[in-house]
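Colleague: A structural model of the following input is requested.
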Amino acid sequence: SRTASLVMSKSKPNVPCYEGEWRRPVNILQDQVVGGGHKSIHDEATAAAAGFHSGAPIHGTVHWSQLTPLLLKVFGSEWFERGTISVSFRTIVSHLQPVKAFIEKTQPTTTAKLRSSRQVRIWMEHVDGRVVFDGTASVVYRKNDNDANENNNDTPKITTMVEKQLQRIKPVQGQLVFVPYPVGTKTLHDEEVQINWNEIIGTKLFPFTLEKKLEIITEWHPWFSKEYGTTSPWGRAILPPESLNEIMLYTIHKEKWPPLVVVDNDDGNGTASNNKNKSKKTPVGLFGACEVQIHNGPCFVGETYYITREIIGVGETPKTEFRWTKAIMKDKSGTIIAEMTLQDMMLKNTVENYDLLRDAANGRDALSSKL
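Modeller: So this is what the prediction gives:
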């Protein structure tokens, strides 16, 4: 990264910052399998049919690894132990399109308490200055720090980018088509996960190995590698930032939710489950935002973890329905290692007769005969 005195971001010219290098990320998910009668948004033809005519979007959290040198510069290795990355995606990046990452430069702190509570802005830009994502990065305050007291009012309050997004959710009028479960619904069992060097991460969502990913990763680091992982401060290889999303997502097709119960939906909260989408086709989806908070890291290569999920928000925009899901990842002792909060956006225009499906989902059954 260049020194902050030489750096000026096109989108945030008044924010002192460090910058990374221009990188050209690879769309490695063009053959991703999602089911539902269609290919994923990362397929060129599917993306074009959904209205993305400038190219298929790259998996958004791929860009997180581009922040590796910047996170280390600002937070050091501590970020991999209890760091947070939280972003809202603004524009897409297609295959090999050049982008650059930025991180806010803040004044150095002298006390461990303030240092461990610090949050900075992060973002990524296209060559023309358009923003790819806006977000925050931090090292979370740990209550058992020797020099910190959980009741100390001097401890800064951190509100992440995703937390701000969650606070802006507006009530849904009626029932959504693609989100039948109410907020607070939790999965019924643990999903066992592990990322190894030569095993496909997910035959459906991530059809590649970690070694293959490291060959094309935008910011390679010795700590991520099989050859030099033992040189890390923890004596073993750790997962790169983008793989934190992969490990907490790749078993999502195995998630088991409670049986749906048909209820009336007069409260306007969009949580009734009288879903009348009888088609086997599902909407094409993409990420709207994502946050990973590491509580007791790092997350290691070859380590077994266990995932549970909970729906923490639902809503819609004019073009999408969305749900927010929190995944909690624990080790075999039950210690929470990390958590991920993910906004799945489901495109209304990718399912035929969406308006009729919406009417039927809200009890206007006379229209369901037309489907």
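
Colleague: so Glu211 makes contact with Lys226?
Modeller: Yes - between Glu211 and Lys226 a contact is recorded at 6.9 Å, counting by Cβ atoms under 8 Å. The way it works is simple: take the backbone N, C-alpha and C, and place the C-beta from them, glycine included.

Colleague: Find residues that contact each of these two.
Modeller: Shared contacts of Glu211 and Lys226 (Cβ atoms under 8 Å, 6 or more residues apart in numbering): Trp197.

Colleague: And the helices in the stretch 1-150 of the chain?
Modeller: Secondary structure of the stretch 1-150 of the chain by DSSP state H, counting those that start in this stretch: the helices cover 44-49, 68-75, 79-82, 112-116.

Colleague: can you pull the buried residues of stretch 215-222?
Modeller: Ile217, Thr218, Glu219, His221 (16 or more other Cβ atoms under 10 Å).

Colleague: And stretch 335-354, by the same measure?
Modeller: Going by neighbour count (16+ other Cβ under 10 Å), the buried part of stretch 335-354 is 337-348, 350-351, 354.

Colleague: quick check: mean pLDDT across it?
Modeller: The average pLDDT within stretch 335-354 is 96.

Colleague: Show me how far that stretch is from its chain's centre.
Modeller: Relative to its parent chain, stretch 335-354 has a centroid offset of 9 Å by Cα atoms, centre = their mean, to the nearest Å.

Colleague: And stretch 304-324, by the same measure?
Modeller: Distance, centroid of stretch 304-324 to centroid of chain: 10 Å (Cα atoms, centre = their mean).

Colleague: Now do the end-to-end distance for that stretch.
Modeller: Stretch 304-324 stretches 25 Å from its first residue to its last (Cα to Cα, to the nearest Å).

Colleague: List the buried residues of it.
Modeller: Buried residues in stretch 304-324, defined by neighbour count with 16+ other Cβ under 10 Å: 305-316, 320-324.

Colleague: Then Gly297 would be within a strand, right?
Modeller: No - according to DSSP: H, G, I helix; E, B strand; the rest coil, Gly297 belongs to no strand; its state is coil.

Colleague: Tell me, how many residues neighbour it?
Modeller: 20 (other Cβ atoms under 10 Å).

Colleague: Can you verify my assumption that it contacts Glu78?
Modeller: No - using Cβ under 8 Å as the test, Gly297 is too far from Glu78 to be in contact (9.5 Å).

Colleague: ok, back up a step: now, of the helices of the stretch 1-150 of the chain, which is deepest in the fold?
Modeller: Sort the helices of the stretch 1-150 of the chain by mean neighbour count, taking mean count of other Cβ atoms under 10 Å, and helix 79-82 sits at the top with a mean of 22.

Colleague: Using CSV, write out every CA atom in that one.
Modeller: Presented in CSV, the C-alpha positions along helix 79-82 are these (Å, rounded to 0.1, in the frame of the first residue of the first chain):
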residue,chain,number,x,y,z
TRP,A,79,-7.8,-8.9,12.9
PHE,A,80,-7.7,-12.6,12.1
GLU,A,81,-8.4,-13.4,15.7
ARG,A,82,-11.3,-11.0,16.4
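
Colleague: Bridging across strands, which residues link to Phe287?
Modeller: Counting by DSSP bridges, Phe287 is bridged to Asp344.

Colleague: that older thread, next, format the buried residues of stretch 215-222 as JSON lines and append distance to Ser9 and pLDDT.
Modeller: Converted to JSON lines, those look like this (distance: Cβ to Cβ, whole Å; pLDDT from 0 to 100):
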{"residue": "Ile217", "distance to Ser9": "23", "pLDDT": "97"}
{"residue": "Thr218", "distance to Ser9": "18", "pLDDT": "97"}
{"residue": "Glu219", "distance to Ser9": "18", "pLDDT": "97"}
{"residue": "His221", "distance to Ser9": "24", "pLDDT": "98"}
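
Colleague: The residues you listed: which two are farthest apart?
Modeller: Thr218 and His221 (10.8 Å; Cβ to Cβ).

Colleague: Could you list the residues in contact with the helix or strand encompassing Ile328?
Modeller: For Ile328, the host element (DSSP states H and E) is strand 320-330. When contacts are defined by Cβ under 8 Å, 6+ apart, strand 320-330 is touched by residues 166, 169, 176-179, 181, 193, 247-249, 283, 288, 299, 305-316, 336-348.
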